[in-house]
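In: Pasting the sequence and the predicted model now:
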Amino acid sequence: MSIRPEMYDVILRPAVTEKSTLASEHNAVVCEVALTATKPQIKEAVEALFGVKVKKVNTLIQNGKRKLFRGRPGKRRDFKKAVVTLEEGNMIDISTGL
């Protein structure tokens with residue numbers, strides 16, 4: 001499987017939270033992905049970029065919160081997260097980066 005430039009546009013950044021750290025103990029990695037990315041695209045990109053086997057991909061769209069910006073109402077951006085479960089024996093070290 002070859003790495004294509006558009007694969008770097010699918011996976012944007014790792015999501016480093018308490019919950020994602022706990023998920024890493026169960027062979028799962030949480031990443032922020034493009035809003036237009038599909039599950040097969042995410043699976044293909046993770047397998048090609050990190051050289052691991054993916055068991056399954058779960059996605060969710062996190063809607064942006066409504067907040068006040070300098071006293072005016074505004075909205076944070078929406079983003080899509082992917083929880084990628086890896087096959088047994090595979091591991092991704094998020095701290096190394098791409």
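Out: Done, it's in. All of these numbers come straight from a predicted model, not from anything done at the bench. Residues are numbered from 1 along each chain as shown.
In: Spatially central residue for the chain, please.
Out: Cys31 (1.8 Å; Cα atoms, centre = their mean).
In: That one and Lys67, how far apart?
Out: 24 Å (Cβ to Cβ, to the nearest Å). (Glycine included, C-beta is placed from N, CA and C.)
In: what's the answer for Val52, then?
Out: 37 Å.
In: what's the answer for Lys43, then?
Out: Counting by Cβ to Cβ, the gap from Lys43 to Lys67 is 34 Å.
In: Neighbour count: these two, which is higher?
Out: Neighbour comparison, Lys43 and Lys67: the larger count goes to Lys43, with 18 against 10 (by other Cβ atoms under 10 Å).
In: how about the closest residue to Ala34 other than its chain neighbours, what does it touch?
Out: For Ala34, ignoring the flanking residues on the chain, the nearest one in space by Cβ to Cβ, 6 or more residues apart in numbering is Val10 at 5.7 Å. Counting by Cβ atoms under 8 Å, 6 or more residues apart in numbering, Val10 makes contact with 33-34, 37, 41-42, 45.
In: Let me know the closest of those to Lys81.
Out: Val33 (7.1 Å; Cβ to Cβ).
In: and stretch 24-41, how far apart are its ends?
Out: 21 Å (Cα to Cα, to the nearest Å).
In: Enumerate the positions of that stretch that are buried.
Out: Across stretch 24-41, burial judged by 16 or more other Cβ atoms under 10 Å covers 24, 27-31, 33-34, 37, 41.
In: For those residues, give me a markdown table that also has secondary structure.
Out: What follows is those, written out as a markdown table (DSSP: H, G, I helix; E, B strand; the rest coil):
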| residue | secondary structure |
| --- | --- |
| Ser24 | helix |
| Asn27 | coil |
| Ala28 | strand |
| Val29 | strand |
| Val30 | strand |
| Cys31 | strand |
| Val33 | strand |
| Ala34 | coil |
| Ala37 | coil |
| Gln41 | helix |
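In: among these, which two are most distant?
Out: Using Cβ to Cβ, the two most remote members of the buried residues of stretch 24-41 are Asn27 and Ala34, lying 23.5 Å apart.
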